[in-house]
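**Student:** One predicted model, sequence on top.
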Amino acid sequence: MKKIELAQRLIYLDSAYISDLYEAITGTAPETVITRNQGKKAAAGIPVFSAEISAQETRSYTVSTLQMLREALPELDKDADLDLSAPPVKATSQYGWIEGELSAFSNRHFVQKKEGEETLATEKMYHIHVDQKTKVALMTTPEYFSSGMDSFARLQGVLVKEISIPIRAYVRLTSVQAWSGQLVAIPYAILEA
């Protein structure tokens, strides 16, 4: 796939996952800096229980995540399409491809009261319609969407009538199941099909 075509078809790319995969495939280690930060509460109380020291890793590569994806795609393409008729239940995650239509839905949690329903939380999420019976909810990170693509879920019902984008997604299918019965996956790369 040409670089420009990959850039044009890219909807979502998990930069943390793709950089780890790139390092595993190529053996190219990034320049890494690990810093330790000490929280404000460290001096107060018993040090063993209130140290609040954390370490943060910063990695620097000489190639972009788009180039990393381009080099990693042949390896990812070796993984088959996931069999969604036998999802993992209390099992390790499965990695592979899902083809379908990217769409969005709104999930609302509420309590019933005498005077009506009280909404406790509302969440707009993406999912993949695989067929009439199978939908896979996606646990996405807004920063990983290509420019402007994350706005669709937020605008559905306001400006956007329907979201139906044919896609091919490389995901981690978990044994987690949503209240609505949907399977739950973590997307690593989503490309327009």
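**Tutor:** That came through, no problem.

**Student:** Tell me where the model's unsure across the chain.
**Tutor:** Scanning the chain with the threshold set as pLDDT under 70 gives 38-52, 107-110, 119-122, 152-161, 179.

**Student:** all strands for it, in order.
**Tutor:** Taking DSSP state E to define them, one finds strands in the chain at 10-13, 31-38, 53-60, 94-113, 116-129, 135-138, 165-177, 183-192.

**Student:** Dump the ones you listed into TSV; add mean neighbour count and distance to A86 as well.
**Tutor:** Using the backbone N, CA and C atoms, a C-beta is placed for each residue, glycine as well. Formatted as TSV, these follow (neighbours: other CB atoms under 10 Å; distance: least, CB to CB, whole Å):
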stretch	mean neighbour count	distance to A86
strand 10-13	20	25
strand 31-38	9	39
strand 53-60	10	36
strand 94-113	15	9
strand 116-129	14	17
strand 135-138	21	14
strand 165-177	18	11
strand 183-192	22	11
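
**Student:** In TSV: those strands, plus distance to L69.
**Tutor:** Shown next, in TSV, are those (distance: least, CB to CB, whole Å):
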stretch	distance to L69
strand 10-13	6
strand 31-38	20
strand 53-60	16
strand 94-113	14
strand 116-129	19
strand 135-138	18
strand 165-177	10
strand 183-192	6
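
**Student:** Right, I'll call it a day here.
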